[in-house]
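Chemist: Structure, please.
(chains A and B)
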Amino acid sequence: KAGVTQTPRYLIKTRGQQVTLSCSPISGHRSVSWYQQTPGQGLQFLFEYFSETQRNKGNFPGRFSGRQFSNSRSEMNVSTLELGDSALYLCASSLSSDTQYFGPGTRLTVL
Amino acid sequence: QKEVEQDPGPLSVPEGAIVSLNCTYSNSAFQYFMWYRQYSRKGPELLMYTYSSGNKEDGRFTAQVDKSSKYISLFIRDSQPSDSATYLCAMGTTGGGNKLTFGTGTQLKVEL
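Modeler: Numbering: from 1, shown residues only, chains lettered A, B, ... in the order given. Have a look, this model is predicted:
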């Protein structure tokens, strides 16, 4: 069974731009969660989507948004990028409320 | 104070040693507990998952949960250089979907 895939793997943007990251969950998994990982803060929960609905949200500003499609694939968008948004963005998939399996991440650098 | 506290290390041990990694937490609502391993520039890999207090064993790994003390541990027996990685504890509550709260991770190095 294929694992969680994330695209792109690496991304360089400049301040003020916006970015969209993509995540394809494990086949059959309906829950997709997004996390931000930085050296200073560790892994922090952004939001979770289940059956195309946002089910949970972390404490991030409204510049961070997401959506989920009918095939469970999910996208995350960050608008008006700031230097502090440089991080590894991880996507995790789950059947329901269950163990989460992570993808390799997208490393975003904001210049 | 963070909800989950984890010693960041680094922790350096000789090959074959028993490694003990620990996390404490303050939120009594946490009901399930996980340990992930993360190699450099990779996503976290699930190692252990448990709901209840007590021990759970899987090969060289043993996860221990003490809910009364709000303390969880991961033991690695016969440690190998390939175990060198960052180990993350994570925990969540049931009934509210998937939202994991992570420790900051402990960096482990197993030396030959």
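
Chemist: So, low pLDDT: which residues of the chain?
Modeler: Since you didn't name a chain, this refers to chain A. Flagging of chain A using pLDDT under 70 yields the residue ranges A:1, A:96-98.

Chemist: Hmm, no, I was thinking of chain B.
Modeler: Regions of chain B meeting the criterion pLDDT under 70 cover residues B:96.

Chemist: which bits of it sit near chain A?
Modeler: Applying Cβ under 8 Å from any Cβ of the partner chain, we find that chain B lies next to chain A at B:34, B:36, B:41-46, B:49, B:88, B:90, B:94-105. In this view, the C-beta of every residue, glycine as well, is placed from N, C-alpha and C.

Chemist: which residues does the residue most central in space within chain A bridge with?
Modeler: Residue closest to the average C-alpha location in chain A (Cα atoms, centre = their mean): A:Trp34, at 3.5 Å. For A:Trp34, the beta-bridge partners are A:Phe47, A:Cys91 (DSSP bridges).

Chemist: right, and it touches A:Gln44 too?
Modeler: No. Counting by Cβ atoms under 8 Å, A:Trp34 does not reach A:Gln44; the two are 9.9 Å apart.

Chemist: Would you mind naming what in chain A lies close to chain B?
Modeler: Within chain A, the positions adjacent to chain B are A:4, A:31, A:33, A:35, A:42-45, A:48, A:50, A:55-56, A:58, A:90, A:92, A:94, A:97-105, A:107 by Cβ under 8 Å from any Cβ.

Chemist: Can you flag the buried ones in those?
Modeler: Buried members of those, scored by 16 or more other Cβ atoms under 10 Å in any protein chain shown, are A:4, A:31, A:33, A:35, A:42-45, A:48, A:50, A:55-56, A:58, A:90, A:92, A:94, A:97, A:99-105, A:107.

Chemist: Please give me every residue in contact with B:Phe30.
Modeler: Each residue near B:Phe30 by Cβ atoms under 8 Å, 6 or more residues apart in numbering or on different chains is listed here: B:91-93, B:101.

Chemist: and with 6 Å instead?
Modeler: B:Met91 (Cβ atoms under 6 Å, 6 or more residues apart in numbering or on different chains).
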